[in-house]
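Colleague: Next come a sequence and a model predicted from it.
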Protein chains: 2
Amino acid sequence: MSAPFRHVAFIGLGLIAGSMALAIRRAGLAQKISGTARTLETRQTALELGLVDTVHETAAQAVQGADLVVLCVPVGAMSAVAHEIAPHLAQGAVVTDVGSVKQAVIDAVAPHLPGHVHFIPGHPLAGTEHSGPRAGFAELFENRWCILTPIEGTDPDALDRLSRLWQGVGASIDVMDAPHHDLVLAVTSHTPHLIAYTMVGVADDLRRVTDSEVIKYSAAGFRDFTRIAASDPVMWRDVFLTNKDATLEILGRFTEELFALQRAIRQGDGALLQDYFERTRAIRRGIIEAGQDTAAPDFGRAQKK
Amino acid sequence: MSAPFRHVAFIGLGLIAGSMALAIRRAGLAQKISGTARTLETRQTALELGLVDTVHETAAQAVQGADLVVLCVPVGAMSAVAHEIAPHLAQGAVVTDVGSVKQAVIDAVAPHLPGHVHFIPGHPLAGTEHSGPRAGFAELFENRWCILTPIEGTDPDALDRLSRLWQGVGASIDVMDAPHHDLVLAVTSHTPHLIAYTMVGVADDLRRVTDSEVIKYSAAGFRDFTRIAASDPVMWRDVFLTNKDATLEILGRFTEELFALQRAIRQGDGALLQDYFERTRAIRRGIIEAGQDTAAPDFGRAQKK
């Protein structure tokens, strides 16, 4: 099977672009990779690490001749980037993105693009709490899902080539419409992140428990929240601003539920608490069976020795 | 240095007791280990796995001749166990526990114990989402803290021997009073667990997002919550019932803070969100510097290949 693309251009060179570039090279999915980033430092780092063959000061330059353009900037920056690259896109080029919100990206990008390119919004469900080009690694997408949310009239051949690229870097493809994506992600990602940020903020703010105590004793549960709450601040700011309705809806449900459990604690209703906790255990089993985590009893510990 | 104890008795043979038993054997910290558990199945499993030299149907039998008794039952069961073993404890025996709440354990256990034993409450900050004797592993306490909350007039020699046992299985010791322990743990463990349980419950309950979608797309943040929310339901029920005041206080602070962020989302206040998210990142750095987690970019991924 031939490589799906000849020349891939990355706009933004952070964790996701860096990981994609490494995985694309490893699998031989393109002959050339170009890129641009806002800061000189990131551009130089990407070149040093061999993520890209060429770096460019502007997005307009980076997309010249590319048959795949991947927008890897925060959702709030998508509109300006689309506006900038539009006149420079090659005939028949595929334009995609990796943003965590899809309807807002469609609204921001689609109006700018010329008719002779194929815009297919995408979202790889993979990441770590680290940012920047040095955070990338080629295995990031292995065994992970990439959701594509094609708009009406999408060219099947373009969709097929983009799907082959994602499969080539290890991901499985799902296709759904943008509003459903945004709701599903509000549940599985956006609201959990907001809650983790909140809990870490509360801990930082308490006067009677020192920061050093919070840090020392974090292994008891808090640590997993801090990992989530260390994700890129600008990216997450934009996620909440652009997936506002779905996030607020799920937050409302969360608060309702939290108040019910809080009331059970206050009233000493042990049966309600136990029932609730038994129910949530089943979801965990499902995740392990679906291969999205490991059940190893010493998960994550072996590396520390 | 001689072994701190001769004969250790475990009341309850789950994850913590199983891990302690394996670690005690590995380090040669006692000559004999006895134990009891509520169900025949657990008792047989513990014997099969070599966690204990002898198993007994009752706690009263298990503690015969032991110079260290470790109560590894849910906090709500501590009082009955203490009452049962009290007449059978050896002269000068050290009695400790591993409960996640300390003042409630002191209130439940201390009144039952005879004057000729040394009661030193303890809490190893280590665990996984798995339960039962098969979940134990000898490395569980390595690089983790064990908090002891001795009551007034505690024998220094008994405290020293118990500390040596915990250090021998890899833990570091901290000493504080029970109310402060309960507040610190409400922040670093109890409230995060309740929040994780709530979020997983909300996801399970939504009609428009199917369980299979929640499971498939869990890698985007939700997965870390499900790990926490898969912990032992009875143990956690008892934690919330017995550390009620501190948990409700921290929950109150959490809700306040969450409402402030929710309002920022509704009003589109990106600056507030970004500032908040940048602040929480710093705590994460502190945890990694303190050796309580790893900063490896591919954390936890290598094992899945």
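Modeller: Structure received.
Colleague: Show me the helices in the stretch 101-250 of chain A, by range?
Modeller: Here the stretch 101-250 of chain A has its helices, by DSSP state H, counting those that start in this stretch, at A:103-109, A:156-168, A:178-185, A:191-205, A:211-216, A:222-228, A:233-242, A:244-267.
Colleague: could the ones you listed go into a markdown table alongside mean pLDDT, distance to chain B and mean neighbour count?
Modeller: Every C-beta, even on glycine, is put in place using the N, C-alpha and C of the backbone. Output for those, formatted as a markdown table (pLDDT from 0 to 100; distance: least, Cβ to the nearest Cβ, whole Å; neighbours: other Cβ atoms under 10 Å in any protein chain shown):
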| stretch | mean pLDDT | distance to chain B | mean neighbour count |
| --- | --- | --- | --- |
| helix A:103-109 | 98 | 12 | 21 |
| helix A:156-168 | 98 | 15 | 18 |
| helix A:178-185 | 95 | 5 | 22 |
| helix A:191-205 | 90 | 4 | 25 |
| helix A:211-216 | 81 | 4 | 18 |
| helix A:222-228 | 84 | 4 | 25 |
| helix A:233-242 | 95 | 4 | 24 |
| helix A:244-267 | 96 | 5 | 18 |
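Colleague: Can you lay out those as TSV showing distance to residue B:74?
Modeller: What follows is the helices of the stretch 101-250 of chain A, written out as TSV (distance: least, Cβ to Cβ, whole Å):
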stretch	distance to residue B:74
helix A:103-109	46
helix A:156-168	46
helix A:178-185	36
helix A:191-205	24
helix A:211-216	25
helix A:222-228	21
helix A:233-242	37
helix A:244-267	16
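Colleague: Which among these is found nearest to residue B:150?
Modeller: helix A:211-216 (18.3 Å; Cβ to Cβ).
Colleague: what comes into contact with that closest one?
Modeller: When contacts are defined by Cβ atoms under 8 Å, 6 or more residues apart in numbering or on different chains, helix A:211-216 is touched by residues A:203-204, A:222, B:145, B:174, B:184, B:187-188, B:283, B:286-287, B:290, B:292.
Colleague: Starting from the helix or strand that residue A:33 is a member of, tell me which strands it pairs with and how they run.
Modeller: Using DSSP states H and E, residue A:33 sits in strand A:32-36. Paired strands of strand A:32-36, with direction, are strand A:7-11 (parallel), strand A:54-56 (parallel) (DSSP bridges).
Colleague: any idea which of those is most buried?
Modeller: With neighbours taken as mean count of other Cβ atoms under 10 Å in any protein chain shown, the strands paired with strand A:32-36 reach their highest mean count in strand A:7-11, at a mean of 29.
Colleague: returning to that earlier point: tell me the one among the contacts of helix A:211-216 nearest to residue A:140.
Modeller: Each of the contacts of helix A:211-216 was scored against residue A:140 by Cβ to Cβ, and residue B:287 proved nearest at 22.3 Å.
Colleague: quick one: that closest one and residue B:293 touch, right?
Modeller: Yes - with contact defined as Cβ atoms under 8 Å, residue B:287 and residue B:293 form a contacting pair (5.3 Å).
Colleague: Of the contacts of helix A:211-216, which pair is most distant in space?
Modeller: For these, with distances taken as Cβ to Cβ, the pair at the greatest spread is A:204 and B:174 (20.4 Å).
Colleague: Wait, residue A:244 touches residue B:264, no?
Modeller: No - applying Cβ under 8 Å as the test, residue A:244 and residue B:264 come out as separate, 10.5 Å apart.
Colleague: lowest-pLDDT helix or strand in chain A?
Modeller: In chain A, no helix or strand scores lower on mean pLDDT, DSSP states H and E than helix A:211-216, which sits at a mean of 81.
Colleague: Compute the first-to-last residue distance for stretch A:57-64.
Modeller: From its first residue to its last, stretch A:57-64 covers 13 Å (Cα to Cα, to the nearest Å).
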